[in-house]
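Undergrad: Structure for the following, please:
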Amino acid sequence: MRVRSALAAAAALALGLGVLAAAAPASATPAGGSTATAQIPKAAQVASVGVIQGTVHEVTKQQELIRAQAAGVSTRTLAQIDATATYSCWYWDTQVYYKNAFGSVILRFHVEPNWCTTGYWLASPVYTNTWANVNVPGWSYTHTGGWTKYGAGWNIYITHQNGHFCFVSYFGCVQNKYPWIEDEVGPGSRVDYMHYGT
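TA: Below is the predicted model of the structure:
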């Protein structure tokens, strides 16, 4: 009787383990790789990171009026620009980019401070444009916030902006990139620094 009970218990245990093994998903992870990487096509996998500090560009007052209006600058500030004779305006496109193993840029994060000066001081408008380029399917981008300091009436403007790239598989991100850029500019075409993280 004891032998029969022990055999029944062993059979039930073996059956239970077999059911658990069948319910567990099979791993698609290649040897030496991660599950996240296995779910991303090679053309969409980030292999390297680069930075472009860019060149400072001067724009005319009329060009700045158009750029500022497109960026949502207030009509009061637009009128101030139009009324001031001695304006020089500038912008600086700084970037963090990600390449795949084939050398193609697949993601690009831009931070572009825009500023005007009247001699030694910054003048309105002083603002930042932030955007991204996503060049392969599966990736998405969100601007996750940032901050600015100083600006009009000062001789310095600092902008710090953050982004998030997400490669989505099923219901969540299987690869994330969190670029940030901090730029500091001053009167005229003065550029003090670009700091960044990837």
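Undergrad: In its sheet, which strands sit next to the helix or strand harbouring residue 148, and in what direction?
TA: In the assignment (DSSP states H and E), residue 148 maps to strand 139-150. Strand pairing for strand 139-150, using DSSP bridges, gives strand 157-169 (antiparallel).
Undergrad: Can you give me the buried ones in the strand holding residue 148?
TA: 139, 141, 146, 150 (16 or more other CB atoms under 10 Å). Yep, even glycine has a C-beta here, placed from its N, CA and C like the rest.
Undergrad: Check whether the last one really touches residue 156, as I assumed.
TA: Yes - under the criterion of CB atoms under 8 Å, residue 150 is in contact with residue 156, at a separation of 4.8 Å.
Undergrad: Need the residues touching each of these two.
TA: With contacts taken as CB atoms under 8 Å, 6 or more residues apart in numbering, residue 150 and residue 156 have residue 122 as neighbours in common.
Undergrad: Who are the contact partners of residue 192?
TA: Per CB under 8 Å, 6+ apart, neighbours of residue 192: 156, 184-186.
Undergrad: Now residue 111: which helix or strand?
TA: Residue 111 belongs to strand 105-118 when elements are defined using DSSP H and E.
Undergrad: CA atoms of the helix or strand following that strand as CSV?
TA: The helix or strand immediately downstream of strand 105-118 is strand 121-134, counting by DSSP H and E. The C-alpha trace of strand 121-134 is given here as CSV (Å, rounded to 0.1, in the frame of the first residue of the first chain):
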residue,chain,number,x,y,z
TRP,A,121,23.1,91.8,-23.5
LEU,A,122,20.7,89.1,-24.7
ALA,A,123,17.3,90.3,-25.8
SER,A,124,14.0,88.6,-26.5
PRO,A,125,13.3,86.2,-28.0
VAL,A,126,15.5,83.6,-26.2
TYR,A,127,14.1,80.1,-26.6
THR,A,128,15.0,76.5,-27.4
ASN,A,129,13.7,74.1,-30.1
THR,A,130,14.0,70.4,-29.3
TRP,A,131,13.2,67.5,-31.7
ALA,A,132,14.4,64.2,-32.9
ASN,A,133,14.7,62.1,-36.1
VAL,A,134,13.8,58.4,-36.0
